[in-house]
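Q: Return atomic coordinates for the entry below.
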Amino acid sequence: MPPSYAPAAHGATPVALTGVGKRHAAALRTPAPPVARRRRRHPFRALLLVILVLLLAWPVGLLLWANGKIQHIEALSGAANTAGTTYLLAGSDSRADGAVADGTAGQRSDTIMVMQVPSSGTASLVSLPRDTLVEIPGHGLNKLNAAYSLGGPELLTQTVEGLTGLTVDHYIEIGMGGVKNVVDAVGGVELCYDRDVADELSGLQWTAGCHTADGTTALAFARMRYSDPLGDLGRAERQRQVVSAVVQEVATPATLLNPADQVQLIDAGTGSLVVDTDTNIIDLGQMALGFRAATGPEGVVGTPPVGDPDYHPGGIGSTILLDQELAPVFFERMRDGELAQADVGGS
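A: Modelled structure (predicted):
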């Protein structure tokens, strides 16, 4: 092997390198490894990431929790679908939840409303007075609320479908305790009635005008009818007023953006809520949007056209007879999103 030489100064004689010298020269020619730099931490970025994860996880967790609290029951008829989305809302007068302790046994449907949200057109919320004379499948003529007593939610659904021609997509039932708890959860609602009331049966004590009502008062306000000259029709109007007031309170930013209020409201609402087996928390959210549309300035609320508010068919006392000519057209226009406020009564 020829000898290796270290670089010589100009004019100098090259000097042969030994093995140790070779390694030293190689080390001089090899670049030094880069010095590891300490990574800079970004606590602000980490905090933003944590906040982002929480913002995404909170609504998902809230929905799952709320969905698990809902009670389900068989209620739909399986009839062919009709246009739009139809919600049947029933208020149970069962005393089982302790909201009213007057010794009344059994369970009836104290409030019956149909909300129609068309694919296009006007959303509407229509009260069906519980004393409305209807044909109950398998039981003949009777008052509408008798359907619930005779056959529960399923028979009530079938009866309402026969009356309106609308197929119910979602059945929602809330007990009296649910009404009280929801009103309290939103901090009370403003209600108006232009008469002084001291009603022993409902417990309502009211001075004519508008007042902020707590849950107990709002429930009595919605139940009272014997001190109302309009009877069941007047009660239906006040029930819609309570629903509308709650929807307005729920839709405020203070409630929507406050996690504590969200939990309290969902806990209050779902605690006394029963829905059909196909309805979930997402459907209830869509229902809330439908409420907002129906009770807003572009929506329609009221009752169907009434032919006789004190009709006696015999054997069942006084009933409310819908207008036999106008009512069928009314429900067709409701289905198609064509109702106007002038079409309804008691608005």
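
Q: From here on, just use CA atoms for contacts and neighbour counts.
A: Will do.

Q: name the element residue 275 belongs to?
A: For residue 275, the host element (DSSP states H and E) is strand 273-276.

Q: Name the surrounding residues that touch that strand.
A: 70-76, 170-175, 178 (Cα atoms under 8 Å, 6 or more residues apart in numbering).

Q: hmm, which two among those residues are most spread apart?
A: Within the contacts of strand 273-276, 76 and 178 form the most distant pair, 22.1 Å apart (Cα to Cα).

Q: after the helix or strand encompassing residue 150, next one along is what?
A: Using DSSP H and E, residue 150 sits in helix 146-164. Following helix 146-164 in sequence order, the next helix or strand is strand 170-175 (DSSP H and E).

Q: all helices of this protein, in order?
A: Taking DSSP state H as the test, the helices found in the chain are 19-29, 43-69, 146-164, 176-185, 215-223, 231-250, 253-256, 259-270, 281-295, 326-335.

Q: I'd guessed residue 316 sits against residue 141; true?
A: No. Look at residue 316 against residue 141 with Cα atoms under 8 Å: they stay out of range, at 9.0 Å.

Q: any idea how far residue 312 lies from residue 166?
A: 27 Å (Cα to Cα, to the nearest Å).

Q: Comparing the two, which shows the higher neighbour count?
A: The residue with more neighbours, out of residue 312 and residue 166, is residue 166; 25 against 14, by other Cα atoms under 10 Å.

Q: residues touching the residue lying closest to the more buried one once chain neighbours are set aside, list them.
A: In space, and not counting its chain neighbours, residue 166 is closest to residue 82: 6.1 Å by Cα to Cα, 6 or more residues apart in numbering. Counting by Cα under 8 Å, 6+ apart, residue 82 touches 166-167, 335.

Q: still on that earlier bit, list the buried residues in the helix holding residue 150.
A: 146-148, 152-161, 163-164 (16 or more other Cα atoms under 10 Å).

Q: Just the C-alpha atoms of it, please, in PDB.
A: Extracted C-alpha coordinates of helix 146-164, given in PDB (Å, rounded to 0.1, in the frame of the first residue of the first chain):
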ATOM      1  CA  ALA A 146    -111.500   9.400  26.300                       C
ATOM      2  CA  ALA A 147    -109.300   7.800  23.700                       C
ATOM      3  CA  TYR A 148    -106.400   8.000  26.000                       C
ATOM      4  CA  SER A 149    -108.300   6.500  28.900                       C
ATOM      5  CA  LEU A 150    -109.700   3.700  26.800                       C
ATOM      6  CA  GLY A 151    -106.500   2.700  24.900                       C
ATOM      7  CA  GLY A 152    -103.600   4.800  25.900                       C
ATOM      8  CA  PRO A 153    -101.200   6.600  23.500                       C
ATOM      9  CA  GLU A 154    -101.800   4.200  20.600                       C
ATOM     10  CA  LEU A 155    -105.600   4.700  20.600                       C
ATOM     11  CA  LEU A 156    -105.200   8.400  21.100                       C
ATOM     12  CA  THR A 157    -102.800   8.500  18.100                       C
ATOM     13  CA  GLN A 158    -105.300   6.600  15.900                       C
ATOM     14  CA  THR A 159    -108.200   8.800  16.900                       C
ATOM     15  CA  VAL A 160    -106.200  12.000  16.200                       C
ATOM     16  CA  GLU A 161    -105.200  10.600  12.800                       C
ATOM     17  CA  GLY A 162    -108.800   9.800  12.000                       C
ATOM     18  CA  LEU A 163    -109.900  13.300  13.000                       C
ATOM     19  CA  THR A 164    -107.200  15.300  11.100                       C
END
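
Q: got the angle for that helix vs helix 326-335?
A: For helix 146-164 against helix 326-335, the angle by axes from the mean of the first three to the mean of the last three Cα atoms, to 10 degrees is 80 degrees.

Q: Output the contacting helices and strands for helix 146-164.
A: Of the remaining helices and strands, those touching helix 146-164 by 3 or more Cα pairs under 8 Å, 6 or more residues apart in numbering; DSSP states H and E are strand 109-117, strand 133-136.

Q: Pull the residues that contact the longest one.
A: Applying Cα under 8 Å, 6+ apart, the set of residues contacting strand 109-117 from outside is 84-93, 123-130, 145-146, 148-149, 223, 236, 239, 290-291, 294, 334-335, 337.

Q: and it, which strands flank it?
A: strand 85-92 (antiparallel), strand 124-127 (antiparallel) (DSSP bridges).
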